[in-house]
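this is a predicted model, with the sequence first.
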Amino acid sequence: MGNYQAEIDELKRIVEKYSNIVFFGGAGVSTESGIPDFRSVDGLYHQQYDYPPETILSHTFYRRKPKEFFRFYRNKMLFLDAKPNAAHVKLAELEAQGKLKAVITQNIDGLHQAAGSRTVLELHGSVLRNYCEKCGQFHDVQYILDSADVPKCGKCGGSVKPDVVLYEEGLDSRTMTDAMRFIHDAQVLIIGGTSLAVYPAAGLIDYFKGDKLVVINKAPTPRDAHADLLIQGPIGEVFSQL
């Protein structure tokens, strides 16, 4: 356990004082549930595949080599046994108390909803949703796991695509607009478990005009200098003490 007691006490005071808090999170929120961050140094990028993950997880690659895309996707992007950790649980509690207005996440694993969060804006989609590109039929994640090679729609035979934003694809404009509004209206913005390196998602932080900016991340971020409160530690560990 790190020694952030003074910082955690300050975070407690902030959470007690304010009633319009928004959380913006990234891969670090999920790594403590056992989901590897494929951007980290010891993450998936350093495991052997014929192509780098950034290439495989692109729209172009998905179109050109769907079989190879789904081999990687099933092996490296689906962690269905993962359970919410202390950060997910605490955020759901804060929402239930009426303090937290929204979770804005770059993660695609659905763990915030599994913990009980209701207002979750998924900037990059979710592995739990998959749709036929031809007829729009919904298929759950188990359908993708159980299928061979490229999953085909049980209704019309079309290709089934995960509802995740691949490299080269745009983010959903409605989700982005809602995220901007929540961040703009927030009194407190807590940034957690993200290096703020992925755009356009990271650019949403610019819309914050509130009182307190809190950054909780193990590694430095471009916003550290602007934070009213900076805690350089694992987010689950921090939230477990709130």
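Done, it's in. Note that the structure is predicted; figures quoted are calculated from it, not measured.

extract the CA atoms of the helix or strand of the chain with the lowest mean pLDDT and return them as PDB.
Taking mean pLDDT, DSSP states H and E as the measure, the chain has helix 53-56 as its least confident helix or strand, at a mean of 88. Only the C-alpha atoms of helix 53-56 are listed here, as PDB (Å, rounded to 0.1, in the frame of the first residue of the first chain):
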ATOM      1  CA  PRO A  53      -2.000  -4.700 -31.800                       C
ATOM      2  CA  GLU A  54      -2.500  -1.200 -33.000                       C
ATOM      3  CA  THR A  55      -2.600  -2.500 -36.600                       C
ATOM      4  CA  ILE A  56      -4.800  -5.500 -35.800                       C
END
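
and that helix, which residues are buried?
By neighbour count with 16 or more other CB atoms under 10 Å, helix 53-56 contains the buried residues 53, 56. Bear in mind the C-beta positions are built from the backbone N, C-alpha and C, glycine included.

against which helices or strands is the following helix or strand past it packed?
Downstream of helix 53-56, the first helix or strand assigned by DSSP states H and E is helix 59-64. Counting contacts by 3 or more CB pairs under 8 Å, 6 or more residues apart in numbering; DSSP states H and E, helix 59-64 is packed against helix 66-76.

centre of the chain to the least confident helix or strand of the chain, how far?
Here the centre of helix 53-56 is set off from its chain's centre by 18 Å, with CA atoms, centre = their mean, to the nearest Å.

counting by contacts, list what that helix packs against.
Applying 3+ CB pairs under 8 Å, 6+ apart, one finds that helix 53-56 makes contact with helix 66-76.

could you find the closest non-adjacent residue to the residue nearest to the spatial centre of the chain?
Computing the C-alpha centroid of the chain and ranking residues by CA atoms, centre = their mean puts residue 107 first, at 1.9 Å. Closest residue to residue 107 apart from its sequence neighbours, by CB to CB, 6 or more residues apart in numbering: residue 30 at 5.0 Å.

how much space between the one you found and residue 139?
As judged by CB to CB, to the nearest Å, residue 30 and residue 139 stand 23 Å apart.

next one: residue 84
According to CB to CB, residue 84 and residue 139 sit 24 Å apart.

same drill for these two, tell me which one is more crowded.
Counting neighbours by other CB atoms under 10 Å for residue 84 and for residue 139 shows that residue 84 has the greater number, 24 against 21.

quick one, phi psi at the residue lying farthest from the centre of the chain?
Checked against the mean C-alpha position of the chain, the extreme residue using CA atoms, centre = their mean is residue 156, at a distance of 31.6 Å. Backbone geometry at residue 156, expressed as degrees, to the nearest 10, gives phi -130, psi -10.

tell me who's in contact with it.
Residues near residue 156 by CB atoms under 8 Å, 6 or more residues apart in numbering: 132, 134, 135, 137.

grab the nearest non-local neighbour of the second one.
I take that to be residue 134. Here the residue nearest residue 134, using CB to CB, 6+ apart, is residue 158, at 2.7 Å.

what of residue 162?
residue 130 (5.0 Å).

my guess is the one you found is in a strand, correct?
Yes - assessed by DSSP: H, G, I helix; E, B strand; the rest coil, residue 130 belongs to a strand.
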